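In: From the sequence below, what's the structure:
(chains A and B)
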Protein chains: 2
Amino acid sequence: MKYTDADQGPSDTAEEIMEATLRALRKHGYANLTMQAIADEFDKTKAVLHYHYDTKDELLVAFLDYLLDRFIRRLDFETIDDPDARLSALVDRLLLEFDDDTSDETAPGFPAALLEVRAHAPHNDSYREQLTLNYELLKDMLTTIIDDGIEQGVFNPVDSEQTATLILAAIMGGRDYYSTTNRECVGEEVRDALQDQFLSELRTSDRT
Amino acid sequence: MKYTDADQGPSDTAEEIMEATLRALRKHGYANLTMQAIADEFDKTKAVLHYHYDTKDELLVAFLDYLLDRFIRRLDFETIDDPDARLSALVDRLLLEFDDDTSDETAPGFPAALLEVRAHAPHNDSYREQLTLNYELLKDMLTTIIDDGIEQGVFNPVDSEQTATLILAAIMGGRDYYSTTNRECVGEEVRDALQDQFLSELRTSDRT
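Out: The predicted structure follows:
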C-alpha cells in the first residue's frame, strides 16, 4: 500500500500507521524498529499493520513518502504568496525545525533515525527509489519558487534548477553534520551562510 | 592506538591495518565488517590486529582519522600555490573522486560504507568526536584557503568561515544524495552549481 493514493488521498488508518511509525522510530531508532514496536504505538492490532504492509521495508517506503507529504502540508504555503518568503520558510523548516518533537531527550531522536534509514538506501532499491522521488519533488518545489521569484522580479535571473541543487545539497549536508558531529549549531550556521552569502545574491534588492 | 602519532607519524603496521580496513569495508560494508574480515585483508594475524585495537569501534575511530589524513596527503597541496586552484581541487576531489576504487562493481562501494559508519555516530560518542574533528579540520583548511585568497586579492573579502561552512555542507549533501538516490550525476551537478553560482561570486575576476 502506498501512503498516498492519487484518487482518495491517505486513509485514516494509513495516517495512524505512519504516526505510529514516527513515534516508534523516534523511540527505538531504525535498528530496533520491529513491526511489533510499531504496533505498540498503534491502537489497532499488529494484524491490521500486516494487512496493510507485508514487510517492514514496504512500510518504511510508505513512511518516506508520508514524511515528505507531512512536511509539505505543514509548510502551509497557501498562506505565503511571496516567493522570497516561501524560500526562506522552506530553508528554515528544513534546517532549523527538522526535529519537531524533542520532548523525549532519552530517545535517539528523529534526525538520527532518518539518517539510519538513508544509510540503508545504497543496498535497498525501494528505499533508494523513494528517496530519489523525495529529492526530485523537493528540487522541483525549490525550482518553481525560484522561477516564480524571477518572473515577479524578486530574484535575479539565474539557472533555477542549479540554484535549487545547491540549496538542497547545503541543507542535506547541514542536517547530516547536525546528526554526526557535536556541532549542535551547525543547522543555524548553514542557514545563516545560505541567507547571507547565497540567497542575498539571488534577491534583486535587500528587502529585509 | 591513534592512527597518527604526533611524534612519529603513522607506523607501517598502522598503515597496513588501515588499508586492510578500507578493503574490507569496501567489500563487506559496515554491517558485515568484523575483525576477522579485516584480518583476512591483512598479511599478519588477527592477533596483531587485536594487539593494536581492542575493539572494532576503536579501530574505526582510527580509520576515520586515517581517511582524512590520506585525503589530505593525496591533495598534494605542495604542488598547488594558487588559493583558487587549491579550492577547486578540494571541491573536485570531495565531490567527484570520493570513490577512488570502483574496480569491484559487485562491492557495496566505499561511499555507502562510510555513510553507514556516519549513521552510527548519533549513538556512538567516539565516532561522533572523531567526525567532529574531521569536520573542524576540513573547515579550517577551507577557511585558510579563502583567507589566503582574500589576502592575495584573488577572492573578494567575505566571512571566510561562513563561506567554508556553506561549501562543506553542499559537498556533504552532494555525497549523501549520491549514495542514497539514483541520481548518479548529483556530485557533478553540485560541483557545477558551486562553481557557477557560488565560487564565481567569490572570485575578484573570472580568471578561467
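In: Which stretches in chain A count as strands?
Out: Counting by DSSP state E, chain A forms no strands at all.
In: and whichever helix in it runs longest, what does it pack onto?
Out: Secondary structure assigned by DSSP state H gives helix A:125-151 as the longest helix of chain A. With contacts taken as 3 or more CB pairs under 8 Å, 6 or more residues apart in numbering or on different chains; DSSP states H and E, helix A:125-151 sits against helix A:56-75, helix A:83-96, helix A:110-119, helix A:160-180, helix B:160-180. Every residue, glycine included, has its C-beta placed from N, CA and C.
In: and it, which residues are buried?
Out: A:127-128, A:130-135, A:138-139, A:141-143, A:145-150 (16 or more other CB atoms under 10 Å in any protein chain shown).
In: could you redo the helices and strands packed on helix A:125-151 as TSV and give each row mean neighbour count?
Out: Below are the helices and strands packed on helix A:125-151 laid out as TSV (neighbours: other CB atoms under 10 Å in any protein chain shown):
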stretch	mean neighbour count
helix A:56-75	18
helix A:83-96	19
helix A:110-119	23
helix A:160-180	25
helix B:160-180	25
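In: Would you mind putting the ones you listed into TSV with mean pLDDT and distance to B:Ser88 alongside?
Out: Converted to TSV, these look like this (pLDDT from 0 to 100; distance: least, CB to CB, whole Å):
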stretch	mean pLDDT	distance to B:Ser88
helix A:56-75	93	34
helix A:83-96	94	26
helix A:110-119	91	29
helix A:160-180	97	16
helix B:160-180	97	11
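In: a markdown table for those, including distance to A:Leu194?
Out: Output for those, formatted as a markdown table (distance: least, CB to CB, whole Å):
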| stretch | distance to A:Leu194 |
| --- | --- |
| helix A:56-75 | 17 |
| helix A:83-96 | 6 |
| helix A:110-119 | 18 |
| helix A:160-180 | 6 |
| helix B:160-180 | 6 |
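In: Quick one: closest of the ones you listed to A:Asp12.
Out: helix A:56-75 (13.3 Å; CB to CB).
In: residues making contact with that closest one?
Out: When contacts are defined by CB atoms under 8 Å, 6 or more residues apart in numbering or on different chains, helix A:56-75 is touched by residues A:1-4, A:10, A:14, A:17-18, A:21-22, A:25, A:33-35, A:38, A:49, A:52-53, A:89-90, A:93, A:114, A:117, A:124, A:126-127, A:129-131, A:133-134, A:137-138, A:141.
In: Off-centre distance for it?
Out: 8 Å (CA atoms, centre = their mean, to the nearest Å).
In: how near is A:Leu138 to B:Asp176?
Out: Distance from A:Leu138 to B:Asp176, counting by CB to CB, to the nearest Å: 13 Å.
In: Ignore what I typed, I meant A:Asp192.
Out: 21 Å.
In: Which pLDDT value does the model give A:Glu151?
Out: pLDDT recorded at A:Glu151 is 97.
In: now do the one 4 residues further on
Out: The confidence metric pLDDT takes the value 97 at A:Phe155.
In: Quick one: residues contacting it.
Out: Here A:Phe155 is in contact with A:83-84, A:146, A:149, A:202-204 (CB under 8 Å, 6+ apart).
In: and with 10 Å instead?
Out: Residues counted as contacts of A:Phe155 (CB atoms under 10 Å, 6 or more residues apart in numbering or on different chains) are A:83-84, A:87, A:145-149, A:163, A:199, A:201-204.
In: ok, which pair from the residues you listed is furthest apart?
Out: A:Asp148 and A:Glu201 (17.9 Å).
In: A:Glu78 - how many residues pack around it?
Out: Neighbour count of A:Glu78, defined by other CB atoms under 10 Å in any protein chain shown: 6.
In: Give me the residue at the spatial middle of chain A.
Out: A:Leu68 (4.9 Å; CA atoms, centre = their mean).
In: Can you report how many residues lie near the nearest residue to A:Gln162 once chain neighbours are set aside?
Out: Nearest non-adjacent residue to A:Gln162, counting by CB to CB, 6 or more residues apart in numbering or on different chains: B:Ala193, 4.6 Å away. For B:Ala193, the neighbour count with other CB under 10 Å is 24.
In: okay but B:Ala193 is in contact with A:Glu161, surely?
Out: Yes - in terms of CB atoms under 10 Å, B:Ala193 counts as a neighbour of A:Glu161; the distance is 8.9 Å.
In: A:Pro111 is in contact with A:Tyr30, correct?
Out: No - A:Tyr30 is beyond contact range of A:Pro111, at 11.8 Å (criterion: CB under 10 Å).
In: which ones are touching the residue nearest to A:Gln162?
Out: Residues near B:Ala193 by CB under 10 Å, 6+ apart: A:159, A:161-170, B:170, B:174, B:199.
In: change it to 8 Å
Out: Contact analysis of B:Ala193 by CB under 8 Å, 6+ apart lists A:162-163, A:165-166, A:169, B:170.
In: Include distance to A:Ile72 when you put the residues you listed into a markdown table, please.
Out: Putting these into a markdown table (distance: CB to CB, whole Å) gives the following:
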| residue | distance to A:Ile72 |
| --- | --- |
| A:Gln162 | 23 |
| A:Thr163 | 20 |
| A:Thr165 | 19 |
| A:Leu166 | 21 |
| A:Ala169 | 20 |
| B:Ala170 | 23 |
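In: Break chain A into its domains for me.
Out: As given by automatic domain parsing, the domain ranges for chain A are A:1-55, A:76-202.
In: so which of the helices and strands packed on helix A:125-151 gets nearest B:Thr45?
Out: helix A:110-119 (31.5 Å).
In: For that closest one, list the C-alpha coordinates in CSV.
Out: Only the C-alpha atoms of helix A:110-119 are listed here, as CSV (Å, rounded to 0.1, in the frame of the first residue of the first chain):
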residue,chain,number,x,y,z
PHE,A,110,14.2,11.6,14.7
PRO,A,111,17.1,13.0,12.5
ALA,A,112,19.3,10.2,13.7
ALA,A,113,16.7,7.6,12.9
LEU,A,114,16.2,9.1,9.4
LEU,A,115,19.9,9.0,8.8
GLU,A,116,19.9,5.3,9.6
VAL,A,117,17.1,4.7,7.1
ARG,A,118,19.0,6.7,4.5
ALA,A,119,22.2,4.7,5.2
